[in-house]
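S.K.: got a predicted model here, sequence first, then my questions.
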Amino acid sequence: MTNAELAKRQERATAETFVIAQTEDGYRVYAPADPTKLYLVTSSNGAPQCTCPDFQLHLTDPAWRCKHILAVASRFPAASTPAESTDPIEAEERRAIQAEGREPRRRKAATTPTNGVAQMLVKRSVSPDGRIDSLSVEFSCPVEGMASDGIKDKAKRILTLQADIMGEFLNGREKKNGNGGNGASTPSQAPPTDQSPAVPGRMLSIGGMDGKWGRRLFITVQTNGHNLRHFGNRKQLGEFITAAGFPQFAQNIAEGVKLDLPCRIITEPSADGNYINITHVLPAEGNGGLQRVNR
């Protein structure tokens, strides 16, 4: 591999955005725009290798470096090879488990790659007893030379993507724990639990609240004089509104949006009996099929 070829590959690695996840086998690398094209960067006899077509065409050149290998090298500069590096995710999990019950540690400021490559780092910490189950999603991207409006727009898009990822994680946790996440705000607000038949309801508005893992969106649904909160990400809330017979409102999912839309709902109590969850939604007129709420 000549210096010119190396410089060209480095330029491509710098210009493109990659998601890099460290595993026991090496590093999984893919572009967010096409996650189906996933490649594995590993180490063999001290030399990095990649499963991408570009690297496979140059197997006879031990000095060849594709853009995926260069992206991994820039993200993990302290690692001599992928196989010899220490897994930062495992280290983070160990620290979280050891720190259980102690004073929360201060988070280190996120560092921005100096090569201008946008990166996403996902960390999950789970203790053996399941009491600790947390997710950290960190983004870094180059802003040098960008106007202030461009920086703001990029930050908004990153925060929206981060909120959707965290929302999926939270919904999965609540489903696992037997709480669909769409209950009344307090146990005292829960209406009677014997509501197997569909009852009239009205979607009032889209709200948001700060949770342990960030901002969460919900639809306030009024029924029998009580307000229920149906939590979800933007896609799930849009499906909820569509199932009620109002697909034209499903694209405008944002905190503070007023709805005032009639519907019918079926509810059930949460596993602990403290909340009421909405399990099905259907149009108020009764001309649509029953739709189960997907969590």
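M.R.: Ah, there it is.

S.K.: so who does residue 200 touch?
M.R.: 223, 262-264, 284 (CB atoms under 8 Å, 6 or more residues apart in numbering). For glycine as for every other residue, the C-beta is placed from the backbone atoms N, C-alpha and C.

S.K.: which of those residues lies closest to residue 235?
M.R.: The closest of these to residue 235 turns out to be residue 263 (CB to CB; 18.4 Å).

S.K.: what's across from that closest one in the sheet?
M.R.: residue 201 (DSSP bridges).

S.K.: surely it meets residue 202?
M.R.: Yes: using CB atoms under 8 Å, residue 263 makes contact with residue 202 at a distance of 7.0 Å.

S.K.: any common contacting residues for these two?
M.R.: Common neighbours of residue 263 and residue 202, using CB under 8 Å, 6+ apart, are residue 221.

S.K.: neighbours of residue 166, how many?
M.R.: 20 (other CB atoms under 10 Å).

S.K.: could you do residue 153 as well?
M.R.: Neighbours around residue 153, by other CB under 10 Å: 12.

S.K.: hang on, the earlier thing: residue 263 and residue 202 - which one has more neighbours?
M.R.: When residue 263 and residue 202 are compared for neighbours, residue 263 comes out ahead with 27 against 17, by other CB under 10 Å.

S.K.: show me what contacts that one?
M.R.: Residue 263 neighbours (CB under 8 Å, 6+ apart): 200-203, 221, 244-245, 281-284.

S.K.: only whichever of those residues are buried, select them in ChimeraX.
M.R.: The command below creates a ChimeraX selection of those among the contacts of residue 263 that count as buried (16 or more other CB atoms under 10 Å):
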select :201,202,203,221,244,245,281,282,283,284
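
S.K.: how many other residues sit next to residue 225?
M.R.: Residue 225: 7 neighbours (other CB under 10 Å).

S.K.: and the pLDDT for it?
M.R.: Turning to residue 225, the model gives it a pLDDT of 88.

S.K.: do the same with residue 8
M.R.: pLDDT, read off for residue 8, is 72.

S.K.: how much space between it and residue 118?
M.R.: Using CB to CB, to the nearest Å, we find residue 8 at a distance of 20 Å from residue 118.

S.K.: those two: which is more packed in?
M.R.: residue 118 (17 against 12).

S.K.: does that one touch residue 138 like I think?
M.R.: No: counting by CB under 8 Å, residue 118 does not reach residue 138; the two are 11.6 Å apart.

S.K.: quick one: which of the contacts of residue 263 is nearest residue 170?
M.R.: residue 221 (19.1 Å).

S.K.: next up, the contacts around that closest one.
M.R.: Remark: with contacts taken as CB under 8 Å, 6+ apart, residue 221 is in contact with 201-204, 227-230, 263, 265, 278.

S.K.: tabulate the residues you listed in a markdown table, adding columns for distance to residue 56 and secondary structure.
M.R.: Shown next, in a markdown table, are the contacts of residue 221 (distance: CB to CB, whole Å; DSSP: H, G, I helix; E, B strand; the rest coil):
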| residue | distance to residue 56 | secondary structure |
| --- | --- | --- |
| 201 | 57 | strand |
| 202 | 59 | strand |
| 203 | 53 | strand |
| 204 | 57 | strand |
| 227 | 59 | strand |
| 228 | 55 | strand |
| 229 | 52 | strand |
| 230 | 49 | strand |
| 263 | 54 | strand |
| 265 | 55 | strand |
| 278 | 51 | strand |
